[in-house]
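**Q** This is a predicted model, with the sequence first.
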Amino acid sequence: MTDSLYLPAARLRPAAITLPGSKSISNRTLLLAVLSDNACRIENLLDADDTRHMLAALQSLGVRIEHHGGGSYTVHGCGGRFPQRQADLFLGNAGTAFRPLTAALALLGGDYHLHGVARMHERPIGDLVDALRQAGATIRYEGREGYPPLHINERQTGGQSRITIRGNVSSQFLTALLMALPLIGRAHEIEVQGELISKPYIDITLKLMAQFGVQVAHDSHRLFRLPESTRYHAPATLHVEGDASGASYFLAAGLLAAAPVRVYGIGRHSIQGDTAFAAELEKIGAAVEWGENYIQVARRPGQCIRPFDLDANHIPDAAMTLAVVALAAGARCSLRNIGSWRVKETDRIAAMAAELRKLGARVEEEAEAIHITPPPRLAANARIDTYDDHRMAMCFSLVSLLGVPVYINDPQCVNKTFPDYFRLFESMRA
């Protein structure tokens with residue numbers, strides 16, 4: 001890859017794509033396997049920057065991990081204790097590694113320094129730290145209050161059994177707390193204050209915890225109850241589902257290009273909430289076929305792509321793809337309740353607005369919403385900046401299916417979660 005990738009205007013042939021493993025499931029599964037009291041073989045683990053950061057951190061903590069080739073690993077669980085009680089951990093910009101590791105290390109106690117790239121130090125973590133301190137954790141900010149880098153020391157004895165945590169910034173904070181609290185061995189309740197965003201990602205966490213032997217009850221995602229005297233016990237083998245967020249680009253391509261595209265690795269029984277993206281496409285003109293291990297999207301015969309006004313809180317990552325689909329809708333489209341975009345790999349609302357305007361769209365930006373009116377004709381050869389954000393690069397590749405060529409700057413940023421993305425995207429061209 002070069003610093004800029006040229007994508008000519010293209011048509012698609014009918015295509016089938018096998019998805020890489022889900023980032024969200026991969027990093028959760030790695031940590032749960034490490035905290036278990038036995039060994040677990042993990043298949044189809046994602047090979048990308050975020051999982052490499054997690055693997056490197058776990059090995060620095062003394063965990064024995066065997067790689068059998070491809071996405072196959074055996075993780076030897078440490079029974080809820082890391083062998084190394086002192087470590088310096090660099091986690092890049094991997095939120096799915098940084099937040100859960102912070103919680104697990106803080107509740108186990110030790111001497112740990114956690115840091116990442118500059119953008120990670122701009123992503124808030126104060127709500128998680130506040131909740132962990134209620135449980136007795138000793139955490140110090142090494143820079144700006146409320147943000148990484150962090151220094152963790154020994155946990156104080158005692159701590160509250162009822163923990164409160166804000167739910168309106170990132171669901172990863174609650175995920176981290178849920179996964180870590182069983183390590184203390186006491187019963188706990190977690191009360192969510194305010195609106196909990198991205199509930200489907202919490203459901204992923206709860207389903208995976210159940211597979212590792214810890215059942216968590218909850219009242220409508222407001223109050224979570226963790227039983228006492230629990231421990232993680234891993235299944236002998238666990239297969240990581242395909243990445244449903246990554247599937248969104250290929251499914252949207254099937255709608256935009258009016259050619260059937262099938263993605264393998266997710267299906268009607270997937271535990272990932274982002275499969276709901278296909279249902280949103282169906283509302284605006286897609287023909288969707290659901291299988292046990294695939295989803296296929298094409299455009300309904302004679303159907304134009306319809307404008308939409310969507311509360312996208314349930315699919316925040318996949319909703320970015322709809323912002324580009326809006327360019328083909330012929331009228332104003334709105335994505336609402338997406339305030340979490342502001343604290344992702346970049347400020348995604350601002351970044352999306354800036355790049356859509358390069359294509360000629362009129363964009364209105366709000367604190368938690370974006371409104372997109374497509375132009376009569378898209379600007380050709382726009383140079384799209386990606387802000388070191390993998391999803392920006394993948395979203396805007398779809399512009400090449402709308403009759404105009406486009407340049408994607410810094411295409412290598414897809415290595416964060418989907419290193420083969422552009423190779424697979426090109427393989428679909430007619």
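**A** That came through, no problem. Residues are numbered from 1 along each chain as shown.
**Q** Strands of the stretch 151-300 of the chain, start to end?
**A** Per DSSP state E, counting those that start in this stretch, the stretch 151-300 of the chain carries strands over the ranges 162-166, 188-193, 217-219, 223-226, 237-239, 261-264, 286-290, 294-299.
**Q** and the fourth one, average pLDDT?
**A** Think strand 223-226. Throughout strand 223-226, pLDDT has a mean value of 98.
**Q** Quick check: neighbours of it in the sheet, parallel or antiparallel?
**A** Counting by DSSP bridges, the strands paired with strand 223-226 are strand 188-193 (antiparallel), strand 217-219 (antiparallel).
**Q** Just the buried positions in stretch 37-49, please.
**A** Neighbour counts using 16 or more other Cβ atoms under 10 Å place 40-42, 44-49 of stretch 37-49 among the buried residues. (Each C-beta comes from the backbone N, C-alpha and C, glycine too.)
**Q** so of the residues you listed, which ones are in strands?
**A** Among the buried residues of stretch 37-49, DSSP state E puts 40-42 in strands.
**Q** what's the closest of the residues you listed to V216?
**A** Nearest to V216 among these, counting by Cβ to Cβ, is C40 at 19.6 Å.
**Q** Tell me the confidence at that closest one?
**A** You'll see C40 listed with a pLDDT of 98.
**Q** which residue sits closest to it, ignoring its sequence neighbours?
**A** Spatial nearest neighbour of C40, excluding adjacent residues (Cβ to Cβ, 6 or more residues apart in numbering): A234 at 3.5 Å.
**Q** For the buried residues of stretch 37-49, please prepare CSV with the additional fields distance to I25.
**A** Conversion of these to CSV gives the following (distance: Cβ to Cβ, whole Å):
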residue, distance to I25
C40, 13
R41, 15
I42, 10
N44, 9
L45, 9
L46, 8
D47, 14
A48, 13
D49, 16
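**Q** Between the residues you listed, which sits nearest M394?
**A** Distance to M394, by Cβ to Cβ, is smallest for A48 among the buried residues of stretch 37-49, at 12.5 Å.
**Q** Tell me the spacing between the spatially closest residue to that closest one that is not a sequence neighbour and L19.
**A** Leaving out its chain neighbours, the residue that sits closest to A48 by Cβ to Cβ, 6+ apart is T417, at 4.8 Å. Per Cβ to Cβ, to the nearest Å, T417 is found 11 Å from L19.
**Q** Over to N415?
**A** 16 Å.
**Q** got it, and H76?
**A** Taken as Cβ to Cβ, the span from H76 to L19 is 28 Å.
**Q** Q172 too?
**A** 22 Å.
**Q** next one: A56
**A** Counting by Cβ to Cβ - A56 and L19 are separated by 24 Å.
**Q** ok, for H67, nearest residue in space, not its chain neighbours?
**A** Leaving aside its chain neighbours, H67 sits nearest to Y73 (5.5 Å; criterion: Cβ to Cβ, 6+ apart).
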